[in-house]
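**Q** Just the structure for this:
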Amino acid sequence: STPCPQWPYCRQRCSYCSFNKYVVPAVDEAAVCASLVQEARTLLRLSRVQSITSVFFGGGTPSLASPHTIGAVLEAVAGAAHLPAGTEVTLEANPSSTSTLRLTGFRAAGVNRLSIGVQVRGPLHRLGLCSPPCPLLPLCSLPQSLDDAELQLLGREHTAAEARRAVEAAQQLFPGRTSIDLIFGLPGQSWAAWARGLEEALGLCDDHVSLYQLTLERGTVLAAQVSRGALPAPPQDLLADMYHTARDMLVAAGFRHYEVSNFARKGALSSHNLSYWRAEQYIGVGPGAHGRFVPWGEGGCTREARVQTLEPDAWMREVQSRGHGTRKRVALSPLEQLEEVLALGLRTDEGVTHEVRSPWGSPAGTRRPRPVADPSLGTQRWGRFSPQLSLEAAFGEPGQARDLEQQGWLVLDSRGLRCAREGLAVLDSLLPDLLYQLRRR
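**A** Predicted structure coming up:
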């Protein structure tokens, strides 16, 4: 399971961001820290998670939190479940709050992986999937630019030079575990400018890159500027060219294209990212955090989609009164779970494999099904969620999936169902047919 603590505060609002973030004169960090610790303990107890596979600090701007707060939350996680040595612990960071002293403090607190963003998380289209299969699923990101004009357009508080220094400092302290995120599709951005920026980023980056296309969200300054004609929206064919150019350059540089938006080399795949795409349990902690888990501790036996109270002060009051600030919880039907497994699993190069196995682990005293397939194929296995309806039965007969396979977009074989190389780039156009076929079974 992956706990995902959220620090909801930012220093300023970016022109493109519609996420749950707050700019306040002062933060009562002691109170926020105490609430994060309490909620982490409560939700881990409710989930009866036995072992932690990764921890991810998001936001907001979590690098604005003190190393003490990060360490306290990790201590709470380790006290509630087994946190193996070397478990991936990622912190999203903004260059303006990543001095060498702060980064050293984060490392001492237990962080071992950094995701450096030159723009703090925003509403970005994760290529291949236009919208999540469930309205409670968060799409989180930290897009990066190394161009001062682009930073100014997006309302950032730092310069490209400061961003470069932040990445270089992070690589010294987190070698092989510093990720950078690249954004394309900005209003007025040209293919040539994107290619130049990508070349520079490849010379700077470590072993993990995430690639995102900007989505203009209603209510943001940037969307309003495009809507009234003050800024141009990039054409779709240009966006496709930008993505394919970046993918080809990254693969040529030795990166594995392991998920629609994610590239890694030297085995530096993100455990946190994969936990989403493999439909594993994750536990959202903090204002506006999202989660997916079975609340065994409340007598539940069905996977739930959960979202925490958005506003920090209201969330803290709820945590103080009942141990957690869960505002919305939705029990997912078997079909809804399979829809998520399909939509998320097909984003990865391993796809959705066949193996039958318990999807969440069982609480103490219950028996777990035995794995029946090669464990090297990853953990996104259809049978974990659908022991009755096999992948072959769902998609092997004549229909949409077979048609897409014959057209070269999909592969269905003894390993499972996955996108062909070109299929990953157009997954959002393939999914409607596949989901329709699944719903008819």
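
**Q** Gly254 - how many residues pack around it?
**A** Counted by other C-beta atoms under 10 Å, the residues lying close to Gly254 total 11. Using the backbone N, CA and C atoms, a C-beta is placed for each residue, glycine as well.

**Q** Pro3: what secondary structure?
**A** Following DSSP: H, G, I helix; E, B strand; the rest coil, the label given to Pro3 is strand.

**Q** ok, now which ones touch it?
**A** Neighbour list for Pro3: 40, 43-44, 52, 55-56, 77, 282-283, 285 [criterion: C-beta atoms under 8 Å, 6 or more residues apart in numbering].

**Q** Kindly provide the distance from it to Leu417.
**A** 30 Å (C-beta to C-beta, to the nearest Å).

**Q** got it, and Gly185?
**A** In terms of C-beta to C-beta, Gly185 sits 29 Å off from Leu417.

**Q** now swap in Arg196 and tell me
**A** Distance from Arg196 to Leu417, by C-beta to C-beta: 38 Å.

**Q** neighbour-wise, which of those two wins?
**A** Per other C-beta under 10 Å, whichever of Arg196 and Leu417 has more neighbours is Leu417, with 24 against 13.

**Q** buried set for the helix or strand harbouring Ala193?
**A** Using DSSP states H and E, Ala193 sits in helix 191-204. By neighbour count with 16 or more other C-beta atoms under 10 Å, helix 191-204 contains the buried residues 193-195, 197-198, 201-202, 204.

**Q** Surely Leu222 touches Gly185?
**A** No. Look at Leu222 against Gly185 with C-beta atoms under 8 Å: they stay out of range, at 11.3 Å.

**Q** Okay, strands next: where are they in the stretch 1-150 of the chain?
**A** All strands of the stretch 1-150 of the chain, identified by DSSP state E, counting those that start in this stretch, fall at 2-7, 54-59, 88-93, 113-116, 124-125.

**Q** Export the buried residues of helix 191-204 as CSV, with columns for distance to Asp241 and pLDDT.
**A** Shown next, in CSV, are the buried residues of helix 191-204 (distance: C-beta to C-beta, whole Å; pLDDT from 0 to 100):
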residue, distance to Asp241, pLDDT
Ala193, 13, 88
Trp194, 9, 89
Ala195, 10, 91
Gly197, 15, 85
Leu198, 12, 89
Ala201, 18, 86
Leu202, 18, 88
Leu204, 23, 84
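
**Q** out of the strands of the stretch 1-150 of the chain, nearest to Val167?
**A** Nearest to Val167 among the strands of the stretch 1-150 of the chain is strand 113-116; the distance by C-beta to C-beta comes to 5.2 Å.

**Q** List the pairing partners of that closest one within its sheet, with orientation.
**A** Strand 113-116 has its sheet partners listed here by DSSP bridges as strand 88-93 (parallel), strand 178-184 (parallel).

**Q** Lowest average pLDDT across the ones you listed?
**A** Sorting the strands paired with strand 113-116 by mean pLDDT places strand 178-184 lowest, at a mean of 87.

**Q** CA-only coordinates of it, as CSV, when you get a sec.
**A** The C-alpha trace of strand 178-184 is given here as CSV (Å, rounded to 0.1, in the frame of the first residue of the first chain):
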residue,chain,number,x,y,z
THR,A,178,15.7,12.6,-9.0
SER,A,179,12.8,12.9,-11.4
ILE,A,180,12.0,15.8,-13.6
ASP,A,181,8.7,16.5,-15.3
LEU,A,182,8.3,18.1,-18.7
ILE,A,183,5.3,20.0,-19.9
PHE,A,184,4.3,20.7,-23.5
